[in-house]
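Colleague: Dropping a prediction and its sequence here:
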Amino acid sequence: MNQYQLMKLLKRVGLYALIAVVLVYAVFPFYYAVITSLKPSSELFQPELWLSSIHLSNYAQVLGQGSFLRAILNSIIVSLSVVFIALLLGITAAYALGRVRFRGRTTILLTILGVSMFPQVAVLSGLFEVIRTLNLYNNPAGLVLSYTIFTLPFTVWVLTTFMRQLPQELEEAAIMDGATPWVTITRVFLPLMWPAMATTGLLAFIAAWNEFLFALTFTLTDDQRTVPVAIALISGGSQHELPWGPIMAASVTVTVPLVILVMIFQRRIVSGLTAGAVKG
Amino acid sequence: MASVTLEKLNKTFGSTHIIKDVDLKIGNGEFVVFVGPSGCGKSTLLRLIAGLESITDGTMQIGDSVVNELPPRERGVGMVFQSYALYPHMTVYENMAFGLKLAKMANETVDDRVMSTARILQLEELLQRKPKELSGGQRQRVAMGRAMAREPQILLFDEPLSNLDASLRVQMRNEIARLHHRLGSTMIYVTHDQVEAMTLADKIVVLRDGRIEQVGSPHDLYQRPETRFVAGFIGSPTMNFMPAELLEQNADGCRVKVPGVGEVTLPQDASSVDTGKELTLGVRPEHLRLEEAQGDNAFEIVNVEYLGNEVYVYLEPKAGDTLLVHRTEAPSDWKVGQQAALAPEIEHIHLFDADDQALGLARQSEAA
């Protein structure tokens, strides 16, 4: 083996070592959560890398609680509503910002981008007052409203970039065929924008599904809570016990659907996110 | 089918004046070609007729009605785009049916229209394919089919052949010409290619900087260009231009002195020009005969192009850097490096004044 081949081998080994580190860093916590959730509470504090046996008692306990199932349902309703509203508003806004020439278009786009940089805490108290005024306190609709505010800038931005790449003549052909802007959007542009919509929709879904701060602040009772808050509020037998088993079981339960969704859409996410990066 | 009338049409984008006072009448069933160099406003003019751009000033009539404020779908126009702009997610059938369905036609009518259009354009086999499964020529035909399916009064073509390779371009050019014979509908066609303009048009409109330079049949434009620009734009190889000095003018015409050629008597009426002024003499390559050089009036042959059926002989000019071209039937004995004298055919010489306007003949009887 000459030096060149040795260098090549070393580089390759180095690359895989790096990948392994990143993989462990990213996946190990989730793996450990899965393991923990499958242990009986008596074995919780014996660190093990492999499972010797599988116990589903934690899952039974979590899923047996009506309030947790209710929280999952709330999360699904809230997240899907956010995705639907964000995509509907996003795509119509993207048409206006990407296709219609008007004064101040760039300013509006930059403002939208700026809004997405606001930290949540900065608007928390203000938003709280808004939600109280609108009578949406302790109501999932309040969460939909506040999540949409934070999701929309990103959605509009990505969809606008994508919309701009669609050829001008395509829209003009639709105009010659007698299409109104709404028909052009729904019948011509929408079918071509699925990758971008899948990306932004999924990211909006994940953001809404995981959100904690607003969910904690704007809800009060068990039957209005979403999953992240519900998990945080799972309590043990006494003040001094944290029920790790059920918490982990609950976390895994709400994470797995996301993982599956991302796996289904992963190709589209990549193509959607890189769209606009390079000119096709 | 309908006529189109443009009166004092103007278009500005911000401070840029694109179309300037265009007056034009396009007859029913005519094939009109807008031609000109890039940036002359020919595409903008077409888009104004289509309704894709708004008219800044002036009036436009299609048939008997003023259409200035009408949206494209109410103008009865169909358009074929340069990039075809087919809907990528729809089949050929759906592409052609899209406009018909939007017009809320009954399903049977839509079907009839699409099928009959597909038959004319030989697209029947391709109806269930998506655009990405078609060749360039097929896409072109689908784009035409989509425009035709709505049975518009006027068909507009925006440089439809520029994305095709050379041989396909000739073939599609033929198909478009035959389509016009068969349908007899009014067609307006934009191109920068003067060969397409000459071969397709009943009437050519030469545009330059947003103004109409000349309107006429291909024959008119070739034989009687009104300006030096038109003379140089129409015809390939391009017309030869040589500086000339006006020596005298009289009732029968004028005499000019051309450096390198000598004194020439021409039938043109030069009464509008002062004696001694500079003129430009234009002569097409096929009307520029070459003779054995005698004395000082000689040009050097710098290149000879053999094209099989004909030969182009290029000569070093006395002024400027554009080579002079002589065109003759093959074979030809002229060789590179030889000296030749020019003998332009007097009856085919064009004369342009300092403003590049062509001078008319002194006696109209000699025009024939």
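Modeller: Good, I have the coordinates. The model shown is predicted, which means the values in this text are computed figures rather than measured ones. Residues are numbered from 1 along each chain as shown, chains lettered A, B, ... in the order given.

Colleague: Would you pull up the residue in the stretch 251-368 of chain B closest to chain A?
Modeller: B:D356 (35.8 Å; Cβ to the nearest Cβ). From N, CA and C alone the C-beta is placed, and that goes for glycine too.

Colleague: any idea of the mean pLDDT in the helix or strand harbouring A:L87?
Modeller: Taking DSSP states H and E as the criterion, A:L87 maps to helix A:66-99. Regarding helix A:66-99, the rounded mean pLDDT is 92.

Colleague: Let me know how buried the residue of the stretch 251-368 of chain B closest to chain A is, in neighbour terms.
Modeller: Neighbour count for B:D356, taken as other Cβ atoms under 10 Å in any protein chain shown: 14.

Colleague: Phi first, then psi, for it.
Modeller: Per-residue torsions, B:D356: phi 70, psi 20 (degrees, to the nearest 10).

Colleague: Buried residues of stretch A:210-217, list them for me.
Modeller: A:N210, A:E211, A:F214, A:A215, A:T217 (16 or more other Cβ atoms under 10 Å in any protein chain shown).

Colleague: shouldn't the residue of the stretch 251-368 of chain B closest to chain A be in contact with B:T280?
Modeller: Yes: in this structure B:D356 lies within contact range of B:T280 using Cβ atoms under 8 Å: 7.3 Å.

Colleague: Would the helix holding A:L87 count as contacting chain B?
Modeller: No: using Cβ under 8 Å from any Cβ of the partner chain, helix A:66-99 stays clear of chain B, coming no nearer than 13.4 Å.

Colleague: So which elements touch the next helix or strand after that helix?
Modeller: Remark: after helix A:66-99, the chain's next helix or strand is helix A:105-115, criterion DSSP H and E. Contacts defined by 3 or more Cβ pairs under 8 Å, 6 or more residues apart in numbering or on different chains; DSSP states H and E place helix A:105-115 against helix A:66-99, helix A:140-165.

Colleague: which of those is buried the deepest?
Modeller: helix A:140-165 (a mean of 22; mean count of other Cβ atoms under 10 Å in any protein chain shown).

Colleague: what's the overlap in contacts for B:D356 and B:T280?
Modeller: Residues touching both B:D356 and B:T280 comprise B:R228, with contact defined as Cβ atoms under 8 Å, 6 or more residues apart in numbering or on different chains.

Colleague: Can you tell me the number of residues neighbouring B:Y189?
Modeller: 26.

Colleague: For my notes, confirm it occurs in a strand.
Modeller: Yes: assessed by DSSP: H, G, I helix; E, B strand; the rest coil, B:Y189 belongs to a strand.

Colleague: Need the nearest residue in space to it, chain neighbours excluded.
Modeller: Using Cβ to Cβ, 6 or more residues apart in numbering or on different chains and skipping the chain neighbours, the partner closest in space to B:Y189 is B:F157 (4.3 Å).

Colleague: which residues touch A:S57?
Modeller: Contacts of A:S57 (Cβ under 8 Å, 6+ apart): A:P40, A:S41, A:G245.

Colleague: which among those end up buried?
Modeller: By neighbour count, with 16+ other Cβ under 10 Å, the contacts of A:S57 hold A:S41, A:G245 as buried.

Colleague: which one in the contacts of A:S57 is the model shakiest on?
Modeller: Out of the contacts of A:S57, that is A:S41, at 76.

Colleague: Was I right to think that residue contacts A:I247?
Modeller: No: if you go by Cβ under 8 Å, A:S41 and A:I247 don't touch, sitting 11.4 Å apart.

Colleague: for the most centrally placed residue in chain A, what are its contacts?
Modeller: By Cα atoms, centre = their mean, chain A has its centre lying nearest to A:I206, at 1.5 Å. Contact analysis of A:I206 by Cβ under 8 Å, 6+ apart lists A:L258, A:V262.

Colleague: Many thanks, we can stop here.
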